[in-house]
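A.B. asks: no FASTA, just this:
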């Protein structure tokens, strides 16, 4: 369906027994937009034909549940009671160990009491480590939930024109559904297969004269010459670029290139 919106072009390139070759001109970049999360479409921010910038929001998926998960994760990440309790318990264990150690020096405490107080300090230290690890995990979970929430907004990957919108507000979609298609129309590309013996007159970066199907003359840039040869037809694939900043070239436009 998207290819049907591509700009059609006739590219005349020399062939062994012909003077012209047909090709199709398409947007220089084209992408089908899908969502990374399944759900109900809450908003559609653009219409067909709209020009969008990279990073611009195209649509959003209902994120009420995910927002609640973020709020819950934030509460867990900001909770500090367990950490404070572990820090206090460690301070108390250290203070008790020091008192018992002094008492032992004065003969007022048994050796086993010293050993037990030292063990209690180590246990309190371990509890503090566990509390810090738990808080770190809560922080990481908050980051994860926030990153997931960001996926509920679908943004444009590059500056482009909205070629098609196939979704509707309120529709429930999955991650496989194509919701819209974007394409760059300020620069168009055409692919043509030309005879191998024509490569001696062509180089990447060449500007080549072309004639549009309405008789107007224009020029295109030869952007790519495939290093591979098709063994059946003895042809080579070429790609041409035509500037279209003014949007003059439209779907169905034809183009012809003469023998170099």
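C.D. replies: Done, it's in. From a predicted model like this one, the values you see are computed outputs, not experimental measurements.

A.B. asks: CA only for contacts and neighbour counts going forward, please
C.D. replies: Fine.

A.B. asks: show the backbone phi and psi for the residue nearest to residue 149 when sequence neighbours are not counted.
C.D. replies: Leaving out its chain neighbours, the residue that sits closest to residue 149 by Cα to Cα, 6 or more residues apart in numbering is residue 66, at 6.0 Å. As for residue 66, its main-chain torsions (degrees, to the nearest 10) stand at phi -70, psi -40.

A.B. asks: can you tell me which residues contact residue 66?
C.D. replies: Shown in contact with residue 66 (Cα atoms under 8 Å, 6 or more residues apart in numbering): 145, 148-149.

A.B. asks: switch the residues you listed over to JSON lines; also include secondary structure, pLDDT and neighbour count.
C.D. replies: Formatted as JSON lines, the contacts of residue 66 follow (DSSP: H, G, I helix; E, B strand; the rest coil; pLDDT from 0 to 100; neighbours: other Cα atoms under 10 Å):
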{"residue": "145", "secondary structure": "helix", "pLDDT": "97", "neighbour count": "20"}
{"residue": "148", "secondary structure": "helix", "pLDDT": "96", "neighbour count": "18"}
{"residue": "149", "secondary structure": "helix", "pLDDT": "97", "neighbour count": "20"}
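
A.B. asks: return the member of those residues nearest to residue 203.
C.D. replies: Nearest to residue 203 among the contacts of residue 66 is residue 148, at 47.4 Å by Cα to Cα.

A.B. asks: mind checking how far that closest one is from residue 70?
C.D. replies: 9 Å (Cα to Cα, to the nearest Å).

A.B. asks: and what of residue 111?
C.D. replies: Counting by Cα to Cα - residue 111 and residue 70 are separated by 52 Å.

A.B. asks: so which of these two has more stuff around it?
C.D. replies: Between residue 111 and residue 70, counting by other Cα atoms under 10 Å, residue 70 is the more crowded of the two (21 against 11).
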